[in-house]
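> Sequence and predicted structure, then a few things I'm wondering about:
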Amino acid sequence: MMALRRLVRLRSPVLSAEMITWTSRPCAVSRAQRACEMPAPLMMRPRSKETWCARPWARPCADACEALDLSLSDLSDQTRERLRQFLPAAASLGNPVDMIATASPAHYAEGLKALAADPGVDAVIAIYTPVMAAPREQVAAAVAAASGELERAVPLLAVYVSADGPPQALRAAGIPVYDFPEEATRALQRAVRYAEWRAAENEPAPAPSDVHADEAAAAIATALGEGAPRWLRPDEIERLLSSYGIPVAESRFASSAAASGRAAVELGGQVALKAVCSTLVHKTEAGAVRVGLRGASQVERAAREMQTRLTGQGHKLDGFLVQRMLSGGVEMLVGVVSDPQFGPVVACGAGGTTAELLKDVAVRLTPLTAADPAEMVRSLASFPLLEGYRGAPKTDIAALEDLILRVGALVENHPEVVELECNPVLVTPDGAAAVDARVRIASAPLRKPWPAL
């Protein structure tokens, strides 16, 4: 275990007669958290499996710990014996430690010292309720004094269930104080995740060897010369993605309905027809996508119908995209947005027409580490679909992870790409390819230097 380094003074006041201690199993890494809910970085032990609680305020605290993958520790026999020496016989010496309503300031101080000395304890939450016999200010002073006399430096959080605000003694001691137990456990869980991120290998992943950054830069420069900000045309998108080895479904751009028919013949087999229009965001809803078409006449007829419909809706078409149909697989989404504070943020999630409905997504900041893509994919609720859900064939997950890395490298190296969305990315047993993509470019935004985290 590593001692805490206090980052910020946490939200408002709090303390109680139940003391909850815990250990934690590794949690998923999260890079950007609300600083006001992070008491400090920790490195925690593997979680304990057993949890139990008693008394009104200890129960929600214990439930919140379990919900956030923070488990209550089993106190050692030595710790229980130490508590037994000064607590009344009616006190509960399990975890939570229930010192009952007659708990004095000295009981708080000695209880805190005993729990912090237990090698199986990684943090302590002390809860004070106004029904306690001991005056609130005296309890706060005792806790503050004991926090500086601990045998082991462990995180201490206080919950003060009181309408009078946090005692000044706790604030002066730098102890984070909360109004309710759930707030304290949430802050602690985020500190654990931050600590694990700090402890992990976070070196940027090496760029794929077959990347042609100079070609991408040339494509972007040419596009910027035509005006910016703007959305790239399909041919520009394909050139940009291909320069970073990002697989894209084979397609042809057609400037007219007749040209769409000829493109379908060139591709052969079943094709999809998509309208190219800068004012269209959701093409499916607008009737700007037709799938399962075959032959020149069928594609040309569909293109004319599509043009008539969309023109009637007030859209101006730039042409059509005729794309080879890809069958089977799982639809995913891989995209990027440029955040004014954090820079490029890479997202991976469930894709297709239900992406916005499901909101199943994981995000990371660039530059991506080698471990980021695998962690992102496996954190998704839809991950079982990629593994072959209910007898479906297992997809090429490594290909999806590679695609995420390449997208991350592209936007990290070319800040002019301020928005990118590959949706869907079709992941099959044989690989992963972007079926549809949108890219917006603009003059490179100023990137702020990262603070020391």
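Noted; the coordinates are in hand.
> For the helix or strand harbouring residue 237, name the packing helices and strands.
Taking DSSP states H and E as the definition, residue 237 sits inside helix 234-243. With contacts defined as 3 or more CB pairs under 8 Å, 6 or more residues apart in numbering; DSSP states H and E, helix 234-243 has these neighbours: helix 213-225, strand 251-254, strand 437-441. Every C-beta, even on glycine, is put in place using the N, C-alpha and C of the backbone.
> Nearest to residue 347, out of the ones you listed?
strand 437-441 (13.4 Å; CB to CB).
> contacting residues around that closest one?
Under the criterion CB atoms under 8 Å, 6 or more residues apart in numbering, residues 220, 223-224, 228-232, 236-237, 240-241, 248, 416-423 lie in contact with strand 437-441.
> Show me the shaky parts of the stretch 351-453 of the chain.
Residue ranges of the stretch 351-453 of the chain with pLDDT under 70: 446-453.
> And the strands in it?
361-365, 417-428, 431-434, 437-441 (DSSP state E, counting those that start in this stretch).
> Would you mind pulling the contact partners of the first one?
Contacting residues not belonging to strand 361-365 are listed as 31-32, 333, 342-350, 372, 375-377, 379-380, 408 [CB under 8 Å, 6+ apart].
> tell me which strands and helices the longest helix along the chain is in contact with?
In the chain, ranked by residue count with DSSP state H as the criterion, the top helix is helix 181-199. Counting contacts by 3+ CB pairs under 8 Å, 6+ apart, helix 181-199 packs against strand 15-24, helix 58-67, strand 70-72, strand 123-128, strand 156-160.
> between the ones you listed, which gets nearest to residue 268?
Short answer: helix 58-67, nearest of those by CB to CB, at 54.1 Å.
> Dump the closest one to CSV, restricted to CA.
Extracted in CSV, the C-alpha atoms of helix 58-67 (Å, rounded to 0.1, in the frame of the first residue of the first chain):
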residue,chain,number,x,y,z
ALA,A,58,-23.3,2.2,8.3
ARG,A,59,-25.6,0.2,6.1
PRO,A,60,-25.9,2.6,3.2
CYS,A,61,-22.1,3.2,3.5
ALA,A,62,-21.4,-0.6,3.3
ASP,A,63,-23.9,-1.0,0.4
ALA,A,64,-22.3,1.9,-1.5
CYS,A,65,-18.9,0.3,-1.0
GLU,A,66,-20.1,-3.0,-2.4
ALA,A,67,-21.8,-1.3,-5.3
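> got the angle for that helix vs strand 123-128?
Put simply, helix 58-67 runs at 150 degrees to strand 123-128, going by axes from the mean of the first three to the mean of the last three CA atoms, to 10 degrees.
> avg pLDDT for helix 58-67?
For helix 58-67, the mean pLDDT works out to 78.
> Going by neighbour count, which residues of the helix holding residue 237 are buried?
Applying a neighbour-count criterion of 16 or more other CB atoms under 10 Å, one finds 234, 236-241, 243 buried in helix 234-243.
> okay if I get these as a markdown table plus distance to residue 391?
Listed next are the buried residues of helix 234-243 as a markdown table, based on distance: CB to CB, whole Å:
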| residue | distance to residue 391 |
| --- | --- |
| 234 | 36 |
| 236 | 41 |
| 237 | 35 |
| 238 | 35 |
| 239 | 39 |
| 240 | 38 |
| 241 | 33 |
| 243 | 38 |
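> mind putting these in TSV, pLDDT and distance to residue 324 included?
What follows is these, written out as TSV (pLDDT from 0 to 100; distance: CB to CB, whole Å):
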residue	pLDDT	distance to residue 324
234	89	14
236	93	19
237	94	16
238	93	13
239	94	18
240	96	20
241	96	16
243	96	21
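> For residue 404, state which of those residues is nearest.
Nearest to residue 404 among these is residue 241, at 13.1 Å by CB to CB.
> Show the contacting residues for the closest one.
With CB under 8 Å, 6+ apart, residue 241 has these contacts: 248, 410, 422, 434, 437.
> what do you get for residue 344?
So residue 344 contacts 336-338, 365-366, 408, 411-412, 415 (CB under 8 Å, 6+ apart).
> Neighbour count and distance to residue 312 for the residues you listed - can I get that in a markdown table?
Formatted as a markdown table, the contacts of residue 344 follow (neighbours: other CB atoms under 10 Å; distance: CB to CB, whole Å):
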| residue | neighbour count | distance to residue 312 |
| --- | --- | --- |
| 336 | 23 | 34 |
| 337 | 16 | 32 |
| 338 | 21 | 35 |
| 365 | 17 | 43 |
| 366 | 22 | 42 |
| 408 | 27 | 41 |
| 411 | 26 | 37 |
| 412 | 19 | 42 |
| 415 | 19 | 39 |
